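Chemist: Compute the structure for the input listed below.
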Amino acid sequence: MHTQLEKLGAAVAAGANSPARRRLEQFFDADTFVEIDRLARDGDHPAEVVAGYGCVDGSPVYAYAQDREVCCGAVGRAQASKIRKIYDMAAQNGAPVVGMFDSDGAKLGEGIDAMDAIADILLACNNLSGVVPQIAVIAGPCVGSAALIAANADVTVAVKETDYYLNPGDESAPASLYAENEEEALSKVRELIALLPANNLAAPCAYDFDGASVVACEGIDTVLEAVADPDSLLVMGGDGACKTALGRVGGQSCGMITLSGDKVEGCAASRIARFVRLCDAFSLPVLTFVDAASFACLKGAAKLSHVYAEATTAKITVITGRAYGSVYIAAAGKAAGADVVYAWPGAAISPLNPEAAIHIFWKDKLAGMADPVKGRQQLAEQYAAENCSPLEAAAQGAVTDVIRPEETRSRLIAAMEMLSGKRVSRLPKKHSNLPL
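Modeler: Okay, the predicted model is just below:
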């Protein structure tokens, strides 16, 4: 018996200083991490991953962390077996999964077994998609087949300048969030878990909130900060015009989007579409702020229109500026599936942007101008004022109400409360055919 205890003590001590184990202990609430299969081995060394469960702010979470000190974290049968157990336990108990990646890919010495091991993890990841939140942390190199697993997560948080690619020579793939170091990355994951529900049948936790807005609501560039509860906004993508963010408004978690610019690029439309699907999967309200003239490509417009129409979660649109043609059709209007559409007094809603419309509808006025080139902008502004007014759209029932910018936050809180019990039934089908 003493011999067995000595062997147990030696096995436990051998992995006690693992960086993967330290990451998990740092991530979970103090003294809550429980490791599973801690004695599992792959040949003459421990399995290349540490896995278990614990609490984050009191809520259960399942997690695994690849151990680079063991075979460079390479994925093989033993590692896949432990990771698969984490996914199975998360599915049975309805709790989020966090994967911490630090690996050079598959364990090539295992041949087909290694490839099957990764495919088995991907199958579990796919089966759990939309059931519980899945978050990937790129804590170190995440390359080769291991990157496929991370890329299938709902949200990826990467430490800056870490490698994250499939093939040698590729540029690192973009992540949802970036952190300066490992500690900041884990902190962002804890923020994400606080904003997301535990599973697709659970409601996000409600929080007390400060009724005062700390930022003036003056335009689309600052609208997210203006409507979100203080210190709750987590911008997940889009440093430019089109942003996606999770946050709380009136204590309720929601997804927030700014659709902005002269042309919404295809990559931005794809990123927003994926974000809307994430929010819809977990019944988070989607707040969309629109000041955009057009899309840069058909595929992006089709993808965005598809996900907005498909989403059954509460959808509220605020038109802060332009909502022309395909932008209004795809994401801004009630016909696109929005439950409530607000517009600011300076908004412009039209099938065409005014610069194009005057060449079709006001040809006579253009022809009669002494200098059509200089007067075109003035004429376009006149056309917008006379024909693109949000008051006219409200009169036709296309806009729920025209509100002052400073009213936006309070109106959104009231609308989300009204829509909190929204239920939608759809035609039975296997799944939609998203225009990828």
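Chemist: which residues touch the residue lying closest to Ala415 once chain neighbours are set aside?
Modeler: Nearest residue to Ala415, sequence neighbours excluded (Cβ to Cβ, 6 or more residues apart in numbering): Val340, at 4.7 Å. Just so you know, the C-beta spots here come from the backbone N, C-alpha and C atoms, and that holds for glycine as well. Residues counted as contacts of Val340 (Cβ atoms under 8 Å, 6 or more residues apart in numbering) are 315-317, 400, 415, 419.
Chemist: same check, this time on Leu434
Modeler: 303, 306-307, 310.
Chemist: rerun at 7 Å
Modeler: Residues in contact with Leu434 (Cβ atoms under 7 Å, 6 or more residues apart in numbering) are 303, 306.
Chemist: Just confirm it is within a helix.
Modeler: No. Leu434: not assigned to a helix; according to DSSP: H, G, I helix; E, B strand; the rest coil it is coil.
Chemist: mind listing what's buried in stretch 309-329?
Modeler: Within stretch 309-329, the residues scored as buried using 16 or more other Cβ atoms under 10 Å are 310-311, 313-329.
Chemist: Please identify the helix or strand for Asp113.
Modeler: Per DSSP states H and E, Asp113 falls inside helix 112-128.
Chemist: So which elements touch that helix?
Modeler: helix 77-93, helix 145-151 (3 or more Cβ pairs under 7 Å, 6 or more residues apart in numbering; DSSP states H and E).
Chemist: Show me the contact partners of the helix or strand following it.
Modeler: Counting by DSSP H and E, the element after helix 112-128 in chain order, helix or strand, is strand 134-143. Residues outside strand 134-143 that contact it (Cβ under 7 Å, 6+ apart) are 23, 68, 96-105, 125, 128, 150, 153-159, 162-165, 175, 182, 185-186, 189, 192.
Chemist: next one: stretch 196-210
Modeler: Applying Cβ under 7 Å, 6+ apart, the contact partners of stretch 196-210 are 59, 94-96, 130-133, 195, 229-230, 248, 250-253, 281-282, 284.
Chemist: Could you do stretch 83-100 as well?
Modeler: 20, 23, 36-37, 49, 51, 53, 60-66, 120-121, 124-125, 128, 131-137, 139, 149-150, 153, 189, 193, 196, 198-199, 201-202.
Chemist: Buried ones among those residues?
Modeler: 20, 23, 37, 49, 51, 53, 60-66, 120-121, 124-125, 128, 131-137, 139, 149-150, 153, 189, 193, 196, 198-199.
Chemist: longest strand of this protein?
Modeler: Identified as the longest strand of the chain according to DSSP state E is strand 252-264.
Chemist: list the helices and strands that strand packs on?
Modeler: On a contact count with 3+ Cβ pairs under 7 Å, 6+ apart, strand 252-264 meets helix 223-227, strand 243-249, helix 266-281, strand 286-295.
Chemist: Next, the buried residues of the third one.
Modeler: Counting neighbours by 16+ other Cβ under 10 Å, one finds that the buried residues in helix 266-281 are 266, 268-281.
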